[in-house]
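> fold the following for me, if possible:
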Amino acid sequence: MKKCIGLIFLLAPLIAAAQEESRISSKKNVIKFLVTPTVFYDDAIVIGYERVIKRSRSLNVAAGRVHFPNVFSGSNIIHVDNQTDKGGFMVAADFRFYLQKENKYAAPRGIYLAPFISYYQLNRAWQLNGTASATTTNAFMRGEMGFFNIGGQIGYQFVVKDRFTFDFIFFGPSITNYRLNLQLDGNFTVDEENEIIDALLGRFPLLSDLVDDNQLTVHGNNSTWALGYRFTCMIGYTFGRKP
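Predicted coordinates:
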């Protein structure tokens with residue numbers, strides 16, 4: 001999150017310059033790189049594409065690779081010996097309505113409203129050891145996490161020099177299905193199992209909706225529907241024919 005905030009301040013001069021342009025963009029295609037997944041996930045590469053359909057409407061899609069982050073990096077009693085089976089992906093789509101009365105320019109520039117749908121799938125396996133007791137314990141844990149989101153969003157896309165775009169989705173509430181499957185095998189103590197849960201909640205706070213009587217199971221499936229939220233930063237490049 002700090003990286004995204006810093007990026008906004010870094011791009012502020014370019015954004016200000018973009019607002020002074022009087023020429024309406026004639027390019028109907030935007031290829032984008034999503035910055036936000038690189039903040040929250042390991043080895044993330046997500047590419048997006050937006051196609052302007054009408055003066056005030058467009059279709060925006062994204063897909064790419066996201067990996068389960070190392071949630072135990074801040075733990076003092078859970079240590080990772082090895083990580084395997086690292087994998088994951090995300091796909092998303094939104095249909096944008098650029099507000100003609102609010103925007104001076106045609107799409108893909110200006111403020112927009114958009115329904116969206118997205119899905120994240122994360123997988124990872126850890127060889128762990130714990131030091132909560134006098135004797136070092138060992139365990140193997142396999143984790144699979146999925147987020148399915150349906151919601152609406154408000155965003156603003158800046159266009160600089162009719163070439164470069166800076167797209168910010170700053171409000172995106174959703175109804176989300178959270179699914180977490182953990183399989184822990186070994187001789188971990190109760191304190192060490194609770195430390196695993198705290199580490200997951202620390203990295204993914206929205207998983208707190210899976211908590212039942214202040215407990216998450218590390219030996220099976222956890223699933224629920226709850227409120228979610230979408231915030232995204234994207235950098236893009238426009239292209240297309242001149243009129």
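> what's the neighbour count on the closest residue to Arg124 other than its chain neighbours?
The shortest distance from Arg124 to any non-neighbouring residue, by C-beta to C-beta, 6 or more residues apart in numbering, is to Phe68 (3.6 Å). For every residue, glycine as well, the C-beta is placed using N, CA and C. Phe68: 23 surrounding residues under other C-beta atoms under 10 Å.
> for Phe68, list the residues it contacts.
By C-beta atoms under 8 Å, 6 or more residues apart in numbering, Phe68 lies in contact with Tyr41, Asp42, Lys86, Gly88, Leu122, Asn123, Arg124, Gly143, Met145.
> need the contact list for the residue nearest the centre of the chain.
Geometric centre of the chain, nearest residue: Pro37, 4.7 Å, by C-alpha atoms, centre = their mean. Residues near Pro37 by C-beta under 8 Å, 6+ apart: Ala44, Val46, Gly64, Val66, Met90.
> wait, which of those residues is closest to Tyr229?
Taking C-beta to C-beta as the measure, Tyr229 lies nearest Met90 of the contacts of Pro37, at 15.4 Å.
> distance from the longest strand along the chain to the middle of the chain?
The longest strand of the chain (DSSP state E) is strand 137-160. How far strand 137-160 lies from its chain's middle: 4 Å, per C-alpha atoms, centre = their mean, to the nearest Å.
> rewinding a little: dihedrals phi and psi, the residue nearest to Arg124?
phi -60, psi 120 (degrees, to the nearest 10).
> state the pLDDT value of it.
We have a pLDDT of 90 for Phe68.
> can you tell me how far it is from Leu227?
Counting by C-beta to C-beta, to the nearest Å, the gap from Phe68 to Leu227 is 23 Å.
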